[in-house]
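Q: Just the structure for this:
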Amino acid sequence: MAGSIAGPLVAGFWLLPWLGERRAIFVLTIPLFAIAAFTALRKPSSETAQPKSGLNPKLKFVLATIVAILLFRVSHDYETKFPVREVRRDYTATVIATGKGFDRNLLLNGVGMTVLSPITKYMAHLPLAFMSRPPQNGLVICFGMGTSFRSMLSWGIPTTAVDLVPSVPSLFGYYHADAAKLESSPLARIVIDDGRRFLDGSAQIYDVIVVDPPPPASAPGSSLLYSRYFYEVVKKHLRRGGILQVWYPKADGADAATTVSITKTLIQSFPYVRAFQSFGHFGIHFLASMEPLPAASSSILAARLPSAAVSDFMEWGPLTNLQQQFELVLSHELILEKIVAEAPRTPAILDDQPINEYYLLRRWFHYY
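A: Residues are numbered from 1 along each chain as shown. Here you go, the predicted model:
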């Protein structure tokens with residue numbers, strides 16, 4: 001029992017961050033080879049000295065050792081497939097930053113998390129611009145490359161970012177040249193914690209809360225950031241008139257039940273919800289509030305941005321006109337009733353009903 005408890009703790013919290021997966025596996029096999037060597041090389045007793053068919057145990061051990069050494073020599077760590085990379089390992093995940101220029105990527109445990117995209121700028125600028133008064137502060141849950149955090153700071157407001165994986169914020173500078181300057185700002189705060197747990201233990205209230213759950217939408221544990229119970233916590237931390245922005249990475253061919261369950265959860269949690277197709281038609285920006293969300297035009301939203309926010313929002317285009325850049329998303333507002341009609345029997349997401357994480361039977365049998 002002690003080994004079954006200590007083994008995963010030692011492997012996950014010490015060996016893996018220190019040595020990486022390949023060398024950690026090698027170290028973990030050493031005790032097994034030691035046992036095999038003791039068994040194969042020990043002097044046989046009189047009861048076991050009878051010759052048996054098959055290979056000699058000593059020969060088996062030698063062959064197994066040779067094969068293991070060859071496999072170790074010819075194998076490579078996963079990150080070596082990326083010629084340009086920075087790798088961080090901690091007790092939570094292996095994080096890889098890779099690529100050059102605008103083609104940089106972020107991977108956690110081999111899964112792509114995000115890229116440099118105007119979408120992550122919309123996540124911050126859209127809800128902040130929808131505020132009918134100047135925002136006082138904001139919160140970003142899930143740091144990613146730090147783009148939304150950076151965009152929110154461009155409004156000149158105190159901004160907190162929370163991420164579960166310590167190595168993710170440490171790579172901020174890989175993606176943004178001004179990362180060190182922003183991190184040293186008195187307005188910036190980066191917290192290593194589970195986003196939901198952070199809110200549970202905090203008394204701070206915010207004007208805008210941006211949530212960017214880890215992709216894909218079916219990722220284990222992601223339902224905790226789409227759940228009604230989570231939104232009940234969020235509402236306690238929204239200032240009057242505050243706005244929650246939730247981005248759902250909906251792609252072509254996405255599971256309809258997942259889309260409906262995420263939409264229903266927001267509708268059942270907030271009296272006012274609007275949804276917009278993301279830039280490039282990938283994903284949906286949901287805006288939710290306890291107060292009405294006015295049908296503000298792109299010109300009104302553009303007029304609310306401070307000059308630094310304008311520079312940030314227009315940094316990667318795709319357009320050169322601020323009003324038109326807002327219009328790219330505002331002109332693709334989605335009707336919530338039509339989304340729900342795609343799978344009307346699908347329930348909302350609860351902690352004990354993670355609809356988005358259990359999709360295989362729906363995919364196989366097209367049953368919603």
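Q: Tell me how this protein divides into domains.
A: For the chain, automatic domain parsing gives the domain ranges 2-75, 81-111, 112-365.
Q: Which of those domains has the lowest mean pLDDT?
A: Ranked by mean pLDDT, these end with domain 2-75 at the bottom, a mean of 76.
Q: hmm, back to that, now the domains of the chain in a markdown table, with mean neighbour count?
A: Every C-beta, even on glycine, is put in place using the N, C-alpha and C of the backbone. Output for the domains of the chain, formatted as a markdown table (neighbours: other Cβ atoms under 10 Å):
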| stretch | mean neighbour count |
| --- | --- |
| domain 2-75 | 12 |
| domain 81-111 | 16 |
| domain 112-365 | 19 |
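Q: who touches the closest residue in space to residue 109 that isn't next to it in sequence in this structure?
A: In this structure, residue 109 finds its nearest non-sequential neighbour in residue 93, 5.2 Å apart by Cβ to Cβ, 6 or more residues apart in numbering. Residue 93 sits next to 108, 109, 165, 167 when contact means Cβ atoms under 8 Å, 6 or more residues apart in numbering.
Q: Against residue 179, how distant is residue 93?
A: For residue 93, the distance to residue 179 (Cβ to Cβ, to the nearest Å) stands at 20 Å.
Q: Likewise for residue 302?
A: Residue 302 is 27 Å from residue 179, by Cβ to Cβ.
Q: and the longest helix out of those in the chain, what other elements does it pack with?
A: Longest helix of the chain, by residue count under DSSP state H: helix 16-41. With contacts taken as 3 or more Cβ pairs under 8 Å, 6 or more residues apart in numbering; DSSP states H and E, helix 16-41 sits against helix 57-74, strand 85-89, strand 94-98.
Q: Output those as TSV; include the columns distance to residue 127.
A: What follows is these, written out as TSV (distance: least, Cβ to Cβ, whole Å):
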stretch	distance to residue 127
helix 57-74	50
strand 85-89	30
strand 94-98	27
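Q: closest one to residue 230 among those?
A: strand 94-98 (24.1 Å; Cβ to Cβ).
Q: who touches that closest one?
A: With contact meaning Cβ under 8 Å, 6+ apart, strand 94-98 is reached by 16, 20-21, 78-79, 82, 84-89, 104-110, 165, 167-168, 171, 174-175.
Q: right, and the helix or strand after it?
A: strand 105-108 (DSSP states H and E).
Q: Kindly format the C-alpha coordinates of that following strand as PDB.
A: This file holds the C-alpha atoms of strand 105-108, laid out as PDB (Å, rounded to 0.1, in the frame of the first residue of the first chain):
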ATOM      1  CA  ASN A 105       2.300  27.600 -30.100                       C
ATOM      2  CA  LEU A 106       1.700  26.600 -26.500                       C
ATOM      3  CA  LEU A 107       1.300  22.900 -25.600                       C
ATOM      4  CA  LEU A 108       0.500  21.300 -22.300                       C
END
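Q: what distance separates it from the centre of its chain?
A: 9 Å (Cα atoms, centre = their mean, to the nearest Å).
Q: and the next element down the chain from it?
A: That would be, after strand 105-108 and using DSSP H and E, strand 111-115.
Q: and the direction of that next one versus that of strand 94-98, what angle?
A: 50 degrees (axes from the mean of the first three to the mean of the last three Cα atoms, to 10 degrees).
Q: by contact count, what packs against strand 111-115?
A: strand 105-108.
Q: Tell me which residues are up against the strand it packs on.
A: Contacts for strand 105-108 (Cβ under 8 Å, 6+ apart): 93-99, 112-115, 144-145, 165, 168, 171, 175, 214.
Q: wait, isn't residue 27 in contact with residue 20?
A: No - judged on Cβ atoms under 8 Å, residue 27 makes no contact with residue 20 at a distance of 10.6 Å.
Q: Let me see the contact set for residue 77.
A: 20, 21, 22 are the contacts of residue 77 under Cβ under 8 Å, 6+ apart.
Q: wait, doesn't the last one sit right on residue 75?
A: So that's residue 22. Yes - with contacts counted by Cβ under 8 Å, residue 22 reaches residue 75, the gap being 6.2 Å.
Q: any residues in contact with both of those two?
A: Common neighbours of residue 22 and residue 75 (Cβ under 8 Å, 6+ apart) do not exist.
Q: about what we covered before: need phi/psi at the residue nearest to residue 109.
A: phi -160, psi 170 (degrees, to the nearest 10).
Q: all helices in the stretch 201-350 of the chain, in order from the N-terminus.
A: 228-236, 256-269, 298-303, 307-314, 322-330, 336-340 (DSSP state H, counting those that start in this stretch).
Q: do you know which of the ones you listed lies nearest residue 349?
A: helix 256-269 (4.7 Å).
Q: Contacts for that closest one, please.
A: For helix 256-269, using Cβ under 8 Å, 6+ apart, the contacting residues are 217-218, 226-228, 231-232, 235, 246, 248, 250, 273, 275, 284, 286, 288, 336, 339-340, 342-344, 346-349, 355-356, 359, 362, 368.
Q: Looking at those, which are in strands?
A: 246, 248, 273, 275, 284, 286, 288 (DSSP state E).
Q: and which of those is nearest to residue 297?
A: The closest of the ones in strands among the contacts of helix 256-269, once distances to residue 297 are taken by Cβ to Cβ, is residue 275, at 17.7 Å.
Q: Confirm for me that the closest one is in contact with residue 336.
A: Yes - if you go by Cβ under 8 Å, residue 275 and residue 336 touch, sitting 6.1 Å apart.
Q: Could you pull up the residues touching the residue nearest the centre of the chain?
A: Nearest residue to the geometric centre of the chain (Cα atoms, centre = their mean): residue 214, 2.5 Å. With contact set as Cβ under 8 Å, 6+ apart, residue 214 has these partners: 108, 113, 142, 222.
Q: same deal with residue 152?
A: 124, 128, 138, 140, 159, 208, 210.
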